[in-house]
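Colleague: Any chance you could fold what I've pasted below:
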Amino acid sequence: MRTVHGIPASTGVARGPWVVLAAASAPAGGRISAADVPAELERLTVARDEAAAELEALADELARGGSDEAAIFEAQAMMAQDSTLFDAAAAAIRDGHDGIAAIRIAATGVADQLRALGDELLAARAADVLDVAERIAARLAGVDRSVVLDRPSIVVADDIPPSIAASLPRERLLGMALESGSATSHAAILARAFGIPAVVGAAGLLPAAQVTDGASDRVAVVDGDSGEVVFEPDASAAARLDARRAAADDAARRALEEASLPAVTRDGIEVTLLANIGTPAEAERAVALGAQGVGLFRTEFLFVERSAPPTEEEQTEANRAVVSAFSPGPVTIRLLDVGGDKPIPWLPIPQEANPFLGVRALRLAGERPEVFITQLRAAMRAAADGGRVKVMAPMVADASDVAVLLDLAAQARAALVADGLAHGEVALGVMLEIPSAVLVAPSFFDRIAFASLGTNDLLQYTLAADRGNAALERYRDPVHPALLRLIDSAAKDASEAGVELSVCGEMGGDPAAALALVGLGVTVLSMASSSLAPVRRAIRGADAATLRAMAHEALGATSAAEVRASFEELLPVG
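Modeller: Residues are numbered from 1 along each chain as shown. Below is the predicted model:
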């Protein structure tokens with residue numbers, strides 16, 4: 001028995017034979033003479049166009065099958081045609097490298113730049129650049145990169161490029177274990193979209209997966225909840241993992257069976273459960289698990305993989321895909337939330353000592369209003385067919401920031417009218433993630449339709465505890481009395497002003513914290529899809545009157561641990 005541990009990437013437990021995946025790749029590149037440069041540039045152009053066409057065909061095939069993962073490969077097709085990558089490869093050819101070496105040099109340079117930015121999402125997108133380059137290299141070399149699974153298997157690899165992951169036969173893909181990668185990589189996103197258990201970032205995985213005697217009947221277990229991967233488990237481990245697998249299968253089955261049940265407390269208070277999503281690819285699973293709409297559609301995925309901003313058409317289509325998937329439920333689109341901590345190549349932002357407190361999100365509108373106006377136009381166009389589209393601005397500190405949002409929206413609407421483009425009404429709101437915005441909310445609540453508590457940053461700013469600093473873990477429990485007092489204030493002000501208040505931070509997906517929120521009067525909660533079932537179950541087993549009394553008492557508690565212990569006593573067992 002050999003066990004490795006990694007990062008849980010897609011929930012569930014898979015058991016079966018494993019196969020170490022090694023897709024065919026183009027050979028190493030070489031050198032060419034100056035006389036060969038024009039011909040090699042032409043070969044690169046043809047290979048680029050063929051690779052882009054392949055990716056567009058893959059996107060079309062996935063879209064025809066009703067799969068939202070098509071958006072990943074539409075983005076890759078655009079990346080293949082991106083001038084930044086091609087120009088860098090062309091320069092390498094002029095320096096004497098053949099096309100295979102040149103496209104790899106260019107892609108490595110772009111990928112290294114993305115990784116150096118220190119952002120997990122951008123680092124994961126570096127895999128896209130390398131995947132596109134390998135597809136172009138394969139076209140240059142005449143290599144077939146397709147992978148065949150001859151039986152249901154767990155796929156083990158260092159990493160799986162997204163285009164390879166998408167081409168794996170789903171009916172034979174039991175699970176996925178990767179030595180590299182992160183929970184935000186496209187392979188992980190696809191695994192979640194497929195409902196396939198997956199573990200990533202498992203150091204030592206490939207050596208542990210080696211079988212020296214050529215046997216093909218060995219089994220492995222991938223636990224996408226704990227991050228454990230076990231090869232050839234002994235009897236004791238097999239029994240433990242099989243029990244865990246049965247429990248995970250039962251939980252998944254219950255989640256689907258209960259997806260249509262309303263989240264109503266025992267005394268009749270209904271809570272609306274929405275999903276937080278980062279790409280259109282996540283919509284299908286969220287709907288299946290009972291999400292009544294989207295409380296947070298993060299739009300950064302459209303902006304981070306490219307050398308130029310996404311077009312209005314691209315943004316409109318992405319918005320339409322999500323609106324269509326959740327119709328008639330609401331979809332809340334968050335305006336671009338980037339800054340010095342999440343830089344974008346085409347949007348140069350000066351280095352700041354503390355980017356979390358700097359020029360970020362809506363504050364960028366002063367220098368780049370067109371970015372936000374285009375986003376607002378795309379949202380309004382997505383609402384043209386009657387969809388319930390909402391737009392919220394992040395990093396709002398006071399009424400003056402709300403005025404900026406309203407002015408941008410007015411400009412976007414006027415421009416659509418002038419251009420004669422069909423559009424619909426969108427509800428405008430803000431994220432409450434800065435304490436000042438909560439404290440002065442009555443000064444702008446009469447100008448907006450809704451507000452959503454971004455509890456991750458609100459907690460960070462309230463307790464002055466960097467959310468990325470592991471040494472400050474004890475300050476990160478969202479049921480801290482200080483945060484509860486701010487939420488209580490926001491809930492009372494929103495109720496008085498007739499403004500819908502929701503929570504879109506991780507707090508909403510924490511069953512104990514969700515009960516505290518309901519007790520404070522917040523009855524619209526948005527969360528990761530995997531949290532919908534346990535939160536729904538917790539709410540259905542609780543009494544709202546009891547929650548209100550407990551929440552009132554929690555406002556005077558001395559610690560988050562005290563509050564959490566009291567609400568956890570109400571959670572259902574099993």
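Colleague: okay, now the residue nearest to residue 491 when sequence neighbours are not counted: neighbour count?
Modeller: Take residue 491 and drop its neighbours on the chain: the residue closest to it by Cβ to Cβ, 6 or more residues apart in numbering is residue 521, 4.3 Å away. All C-beta spots, glycine's among them, are computed from the backbone N, C-alpha and C. Neighbourhood size, residue 521 [other Cβ atoms under 10 Å]: 19.
Colleague: Specify the local secondary structure of residue 521.
Modeller: Under the three-state scheme (DSSP: H, G, I helix; E, B strand; the rest coil), residue 521 adopts coil.
Colleague: Residues in a beta bridge with the nearest residue to residue 449 once chain neighbours are set aside, which ones?
Modeller: Closest residue to residue 449 apart from its sequence neighbours, by Cβ to Cβ, 6+ apart: residue 427 at 4.0 Å. Note on residue 427: beta-bridge partners residue 390, judged by DSSP bridges.
Colleague: ok, now how distant is residue 427 from residue 416?
Modeller: According to Cβ to Cβ, to the nearest Å, residue 427 stands 17 Å off from residue 416.
Colleague: Could I get the full set of helices for the stretch 51-200 of the chain?
Modeller: 70-80, 83-94, 99-116, 120-141, 162-167, 186-194 (DSSP state H, counting those that start in this stretch).
Colleague: ugh, wrong one, I meant the stretch 251-400 of the chain
Modeller: Applying DSSP H, counting those that start in this stretch to the stretch 251-400 of the chain gives helices spanning 283-288, 312-326, 369-382, 399-419.
Colleague: closest to residue 15 out of these?
Modeller: Taking Cβ to Cβ, helix 283-288 is the member of the helices of the stretch 251-400 of the chain nearest to residue 15, at 21.8 Å.
Colleague: List the buried residues in the closest one.
Modeller: Neighbour counts over helix 283-288 (16 or more other Cβ atoms under 10 Å) mark 283, 284, 285, 286, 287 as buried.
Colleague: can you check stretch 231-239 too?
Modeller: 231, 232, 233, 238.
Colleague: Adding secondary structure, distance to residue 498 and pLDDT, write those out as TSV.
Modeller: TSV is the format used below for the buried residues of stretch 231-239 (DSSP: H, G, I helix; E, B strand; the rest coil; distance: Cβ to Cβ, whole Å; pLDDT from 0 to 100):
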residue	secondary structure	distance to residue 498	pLDDT
231	strand	59	93
232	coil	62	90
233	coil	58	90
238	helix	58	84
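Colleague: Show me which of those residues is closest to residue 324.
Modeller: Nearest to residue 324 among those is residue 231, at 42.6 Å by Cβ to Cβ.
Colleague: Could you double-check that that closest one lies in contact with residue 2?
Modeller: Yes - between residue 231 and residue 2 there is a contact under Cβ atoms under 8 Å: 4.5 Å.
Colleague: Mutual contacts of those two, please.
Modeller: Both residue 231 and residue 2 are contacted by residue 208, under the criterion Cβ atoms under 8 Å, 6 or more residues apart in numbering.
Colleague: Could you tell me the per-residue confidence at the closest residue to residue 170 other than its chain neighbours?
Modeller: Nearest non-adjacent residue to residue 170, counting by Cβ to Cβ, 6+ apart: residue 194, 5.7 Å away. What the model reports for residue 194 is a pLDDT of 73.
Colleague: residue contacts, residue 194?
Modeller: Counted by Cβ under 8 Å, 6+ apart, residue 194 has contacts 10, 170, 173.
Colleague: Looking at those, which has the smallest pLDDT value?
Modeller: Scanning the contacts of residue 194 for pLDDT, the low point is residue 170. It has 77.
Colleague: how near is residue 535 to residue 526?
Modeller: To residue 526, residue 535 is 10 Å away according to Cβ to Cβ.
Colleague: what do the two both touch?
Modeller: The contact lists of residue 535 and residue 526 share 273, 508, where a contact means Cβ under 8 Å, 6+ apart.
Colleague: In terms of neighbours, single out the busier of those two.
Modeller: Legend: neighbour count by other Cβ under 10 Å for residue 535 and residue 526, higher for residue 526 (28 against 24).
Colleague: and that one, how far is that from residue 432?
Modeller: Distance, residue 526 to residue 432, by Cβ to Cβ: 13 Å.
Colleague: Give me the common contacts of these two.
Modeller: With Cβ under 8 Å, 6+ apart, residue 526 and residue 432 have common neighbours residue 452.
Colleague: Spatially nearest residue to residue 233, not counting backbone neighbours?
Modeller: Take residue 233 and drop its neighbours on the chain: the residue closest to it by Cβ to Cβ, 6+ apart is residue 1, 5.4 Å away.
Colleague: Give me the neighbour count for the one you found.
Modeller: The number of residues packed near residue 1 is 12, by other Cβ under 10 Å.
Colleague: Distance check, it against residue 16.
Modeller: Distance, residue 1 to residue 16, using Cβ to Cβ: 16 Å.
Colleague: likewise residue 457?
Modeller: 41 Å.
Colleague: now swap in residue 302 and tell me
Modeller: 36 Å.
Colleague: OK, contacts around residue 290?
Modeller: Neighbouring residues of residue 290 by Cβ under 8 Å, 6+ apart: 258, 259, 260, 261, 273, 532, 533, 536.
Colleague: Produce a PyMOL select command limited to the buried residues of these.
Modeller: Here is the PyMOL command that selects the buried residues among these (16+ other Cβ under 10 Å):
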select buried, resi 258+259+273+532+533+536
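Colleague: what's the closest of the contacts of residue 290 to residue 225?
Modeller: Within the contacts of residue 290, proximity to residue 225 (Cβ to Cβ) peaks at residue 533, which comes in at 13.3 Å.
Colleague: which element is the closest one on?
Modeller: Using DSSP states H and E, residue 533 sits within helix 532-540.
Colleague: which helices and strands does that helix pack with?
Modeller: helix 235-257, strand 263-264, strand 270-277, helix 511-519 (3 or more Cβ pairs under 8 Å, 6 or more residues apart in numbering; DSSP states H and E).
Colleague: List the contacts of it.
Modeller: Helix 532-540 has contacts (Cβ under 8 Å, 6+ apart) with 251, 254-255, 258-259, 261, 263-266, 271, 273, 275, 286, 289-291, 508-512, 514-515, 518, 525, 527, 570-572.
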